[in-house]
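> how does the following fold in three dimensions:
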Amino acid sequence: MAGEFSKKIGDKGEKIVDFIFGEILNFKISHNLPIDCNRPKEHKRIAAKSDRTTHGIDGLIYYVSPLQDYILDIGVISSKCTSKPYPKNSVKILKEHMKDLAETLECFNRSKDKSLINQNASNVKQTETIGILVWHSLKDDLTFDFVSKISNIHIENELSFDKIILLDNNRLNFLFESIYISKLVYGADNIDFVYHNTGLNFTRQQEGKMFGKDFPIQYLYSNIILLRITNKKNTEFHIYINELFDTESFNLLIGFIKQFDYLETLDKTIIFYKEYDGQLDNSLGKQLSQFSERIEVKGFPINFRNIK
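Predicted coordinates:
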């Protein structure tokens, strides 16, 4: 019975990964890929009787980066779905999850699978492999911010990896409430992800391709989602902030917005703050008036309290 229940939780985790990376972020995902282990003794599991022979990859995604010219980004996804709350000894368990993913990344970087991806990629000079740890609790609240509670974690020096991104309930829910709900409202074909000027994507800037359907993995770190919405005859810039409103962050954001003049005839910019209620907060009246009606501030997720 325990084995059957664990399988159901594992299947649930796979469906969540499918939905987030496929339905919301537009990736084509390869599932359950076994790769050979290049360090059988070093990567041997503690409870195992014999050396390790393979690693399992729950999901694999890749695309040519819109943030840096001639770079191929590969995301190796590890799904850790649990029916329990995030554990009190979370640092210990997180280190185990990260160690397992780091060892998978190490062997993937030497694998035939990666070599084949590189061979089939065009207009690419370098590849960056990023680990993505999806740790979702079915028991805790959807907005539970687990990442903020384990920010000061020490990782063993012997682990070989460049980057690992942790997605918890809060970050997964942010992607749902911003991108997926926008797709439901405006239609997926009418939504593009916006790419900021990194100083490393000069070719894309020259070609006028600073928005598109590819979602940069690096944006998974961020509490800001940038969307270009084609709404009938209008083009709107929607900025979702996964934080509560405060005046200081808003002032910084206004300066940030000015960088996006290249989005082609923007009719309006709408800034969405978590649970913002404009009827209760009148502090923005004078600041917004200088922009006529081209900038609005709203709250998300939508509910009967923050409808104007």
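> switch to C-alpha atoms for all contacts and neighbour counts from now on
Noted.
> what are the ranges of the helices in the chain?
For the chain, applying DSSP state H gives helices covering 2-17, 90-108, 112-120, 169-175, 181-186, 202-206, 247-257, 285-289.
> dump these to a markdown table, plus distance to residue 142, mean pLDDT and mean neighbour count.
Below are those laid out as a markdown table (distance: least, C-alpha to C-alpha, whole Å; pLDDT from 0 to 100; neighbours: other C-alpha atoms under 10 Å):
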| stretch | distance to residue 142 | mean pLDDT | mean neighbour count |
| --- | --- | --- | --- |
| helix 2-17 | 13 | 74 | 15 |
| helix 90-108 | 18 | 91 | 18 |
| helix 112-120 | 34 | 94 | 12 |
| helix 169-175 | 5 | 96 | 21 |
| helix 181-186 | 15 | 95 | 14 |
| helix 202-206 | 36 | 90 | 15 |
| helix 247-257 | 25 | 82 | 12 |
| helix 285-289 | 32 | 59 | 12 |
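> select, out of the ones you listed, the one closest to residue 71.
Closest approach to residue 71 among these (C-alpha to C-alpha): helix 112-120, 10.6 Å.
> residues contacting the closest one, please?
35, 108, 127 (C-alpha atoms under 8 Å, 6 or more residues apart in numbering).
> now do that helix: distance to the chain's middle.
Remark: helix 112-120 is offset 24 Å from the chain centroid, using C-alpha atoms, centre = their mean, to the nearest Å.
> and stretch 234-246, by the same measure?
Counting by C-alpha atoms, centre = their mean, stretch 234-246 comes out at 17 Å from the chain centroid.
> and stretch 84-95, by the same measure?
Worked out by C-alpha atoms, centre = their mean, stretch 84-95 lies 21 Å from the chain centre.
> domain-wise, how is the chain divided?
2-171, 176-300 (automatic domain parsing).
> between the ones you listed, which gets the lowest average pLDDT?
Note on the domains of the chain: domain 176-300 shows the lowest mean pLDDT, a mean of 85.
> next, the distance between the ends of that domain.
Terminal residues of domain 176-300 lie 11 Å apart, using C-alpha to C-alpha, to the nearest Å.
> tell me the contacts of residue 31?
Residue 31 neighbours (C-alpha under 8 Å, 6+ apart): 57, 58, 59, 60.
> out of the residues you listed, which are inside strands?
57, 58, 59, 60 (DSSP state E).
> tabulate these (JSON lines), appending neighbour count and distance to residue 187.
Shown next, in JSON lines, are the ones in strands among the contacts of residue 31 (neighbours: other C-alpha atoms under 10 Å; distance: C-alpha to C-alpha, whole Å):
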{"residue": "57", "neighbour count": "20", "distance to residue 187": "32"}
{"residue": "58", "neighbour count": "19", "distance to residue 187": "29"}
{"residue": "59", "neighbour count": "21", "distance to residue 187": "26"}
{"residue": "60", "neighbour count": "20", "distance to residue 187": "26"}
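> tell me the spacing between residue 116 and residue 109.
Taken as C-alpha to C-alpha, the span from residue 116 to residue 109 is 11 Å.
> which residue sits farthest out from the middle of this structure?
The outermost residue of the chain, judged against the average C-alpha position, is residue 49 (36.8 Å), by C-alpha atoms, centre = their mean.
> do I have it right that residue 194 meets residue 229?
No - under the criterion of C-alpha atoms under 8 Å, residue 194 is not in contact with residue 229, lying 10.0 Å apart.
> now residue 104: closest residue in space that isn't a chain neighbour?
residue 55 (5.9 Å; C-alpha to C-alpha, 6 or more residues apart in numbering).
> confirm for me that residue 44 is in contact with residue 54.
No - assessed by C-alpha under 8 Å, residue 44 is found out of contact with residue 54, at 10.0 Å.
> hmm, back to that, so the residue nearest to residue 104 makes contact with residue 38?
No - at 9.8 Å, residue 55 and residue 38 do not qualify as touching, with contact defined as C-alpha under 8 Å.
> quick check: neighbours shared by those two?
residue 107.
> kindly provide the distance from residue 44 to residue 119.
Residue 44 is 31 Å from residue 119, by C-alpha to C-alpha.
> likewise residue 107?
18 Å.
> isn't residue 163 up against residue 106?
No - assessed by C-alpha under 8 Å, residue 163 is found out of contact with residue 106, at 11.6 Å.
> rewinding a little: make a markdown table out of the contacts of residue 31 and add distance to residue 79.
Listed next are the contacts of residue 31 as a markdown table, based on distance: C-alpha to C-alpha, whole Å:
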| residue | distance to residue 79 |
| --- | --- |
| 57 | 9 |
| 58 | 6 |
| 59 | 8 |
| 60 | 11 |
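> having no further points to raise, I will conclude here.
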